[in-house]
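fold the following, please.
(one chain, ligands or ions: 2)
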Amino acid sequence: MMNFEHNISILGSTGSIGTQTLEVARAYKGIRVHALSAYSNIDLLEKQTREFNPRLVCVFDEKKAEEFKIRVADTDVKVVSGRDGLIEAAVCPGADTVVTAVVGISGLLPTIEAIKAGKNIALANKETLVTGGHIVTRLARENNVKLLPVDSEHSAIFQSLQGNPKKIKKILLTASGGPFFGKTREELKSITPEQALKHPNWDMGAKVTIDSSTLVNKGLEVIEAKWLFDVDIDKIEVLVHRQSVLHSAVMYEDNAVIAQLGVPDMKLPIQYALTYPDRLPMQGNELDFTKYPELTFAKPDTETFYALELAKKAGREGGILPTVFNGSDEAAVELFLKGKIGYLDIADSIADAMDRVKNIENPSVEEILEADKFAREAVYSRS
Ligand code: NDP
Ligand code: MG
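Numbers count the residues shown, from 1 in each chain. Ligands and ions are numbered 1, 2, ... in the order given. The predicted structure is shown next:
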């Protein structure tokens, strides 16, 4: 029997991954929550605070943090805010694992600090590895901490690697194809935010849902896989698999393919990251193969969804290019959701920003943050 004392902190506890992490914690009393954080959703954060009794809560937005302090004045929770507050949550004493479930590059600094403080990382925030993979993986090695994937595909790959020598021929990274699979560029021109926010298989935050529809998310995941599993970009093959049942696979040098399958439910990868190497019982849907008489696989349409190729280029060239890929996408998605640019402008904005930047090898954290700013400004100046 393993020891089920798990002490965690959650960055982004009010989001899709954050709330599902708390569902896992609710089901297993052995998981103790030390810190929570949100950007501004203090209604939900207050409920979470009262239920899970953390010692520290960060409300990123400073005004909301003041309001939150008053609301929880009857408890002994410490309330902090802003970038420093998020870092305080990341290094909160007592937690041995930090679940990084904030969106975008905002996850980079707190993750770096958590690693320096010796915390294992249950990594949902893929943007951290995309922008700072060279720094984060080095720090993880130096501080002897684990990077445990929460992203379902990477969890599947991680699970498929257990007990095998690392003789990887290639990684088969599956993609649902999103809501616009099979559509032409002409048909995509007039896509609205409402249409793009409807994902066929997964219920996720807005940014990752839009990224799934453009295949930017898959591009980010290719770069994430490169860092997590130390494989070349060209050994990572993206396969469109509409049913999201086979969550990804590893092909070994002897051509054996080991995959992990299950119903689409993020609670499994979250729970596995928290309890690795153990497996705990999971409530909820188990996979019934007879409900999926056909599992289909196809190559992605990288002419229509060409952001995937841009990501691979960024991943191959490295430096600040992946940060520019990500930062320009973050800005473009924000503008698209506000109705300020069209759907196809998202990939075009990324391509433009990547064309305009001069790459820097082995960038520092400061250079990464500057490249992010450059990329955002490049996108804002187009619209
Ligand atoms: P959500 O948008 O649902 O949640 C984001 C969380 O982070 C919320 O708690 C939000 O607070 C907080 N937050 C947002 N922006 C900031 C900021 N600038 N600073 C501090 N806190 C912030 O996102 P998801 O849960 O969908 O995604 C989280 C991460 O996990 C992303 O990197 C995503 O790519 C990755 N991921 C998500 C999957 C999913 O199924 N959702 C699957 C695989 C990966 P508030 O609620 O107050 O706005
Ligand atoms: Mg994923």
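
what about the residue nearest to Glu62 when sequence neighbours are not counted, neighbour count?
Closest residue in space to Glu62, ignoring its immediate chain neighbours: Ser81 at 4.8 Å, by C-beta to C-beta, 6 or more residues apart in numbering. (Each C-beta comes from the backbone N, C-alpha and C, glycine too.) Ser81: 21 surrounding residues under other C-beta atoms under 10 Å.

what does the one 4 residues further on give?
The local packing of Gly85 (other C-beta under 10 Å) involves 21 other residues.

please identify the helix or strand for it.
Gly85 belongs to helix 82-90 when assigned by DSSP states H and E.

and Pro293, that's in a helix?
No - Pro293: not assigned to a helix; according to DSSP: H, G, I helix; E, B strand; the rest coil it is coil.

and the gap between it and Ala175?
Relative to Ala175, Pro293 is positioned 21 Å away (C-beta to C-beta, to the nearest Å).

who's more crowded, those two?
Neighbour totals were compared for Pro293 and Ala175, and Ala175 leads with 25 against 6 (other C-beta under 10 Å).

tell me who's in contact with the more buried one.
Residues near Ala175 by C-beta atoms under 8 Å, 6 or more residues apart in numbering: 215, 218, 238-241, 300.

centre of the chain versus stretch 175-189, how much separation?
Mean C-alpha position of stretch 175-189 versus that of the full chain (C-alpha atoms, centre = their mean, to the nearest Å) differs by 22 Å.

residues of it that come out buried?
Under the neighbour-count criterion of 16 or more other C-beta atoms under 10 Å, stretch 175-189 has 175-181, 188 buried.

now Lys313, what's its secondary structure?
Three-state assignment for Lys313 (three-state DSSP): helix.

isn't it right up against Met354?
Yes - at 7.5 Å, Lys313 counts as touching Met354 under the criterion of C-beta atoms under 8 Å.

now do the shared contacts for the two.
Overlap of the contact sets of Lys313 and Met354 (by C-beta under 8 Å, 6+ apart) consists of Leu321.

who has more neighbours, the two?
Taking neighbours as other C-beta under 10 Å, Lys313 and Met354 compare with Met354 leading, 21 against 16.

follow-up on the earlier one: partners of the residue nearest to Glu62 in the sheet?
Val59 (DSSP bridges).

wait, it sits on Val59?
Yes - using C-beta under 8 Å as the test, Ser81 is close enough to Val59 to be in contact (5.3 Å).

joint contacts of these two?
By the contact definition C-beta under 8 Å, 6+ apart, Ser81 and Val59 are jointly contacted by Ala65.
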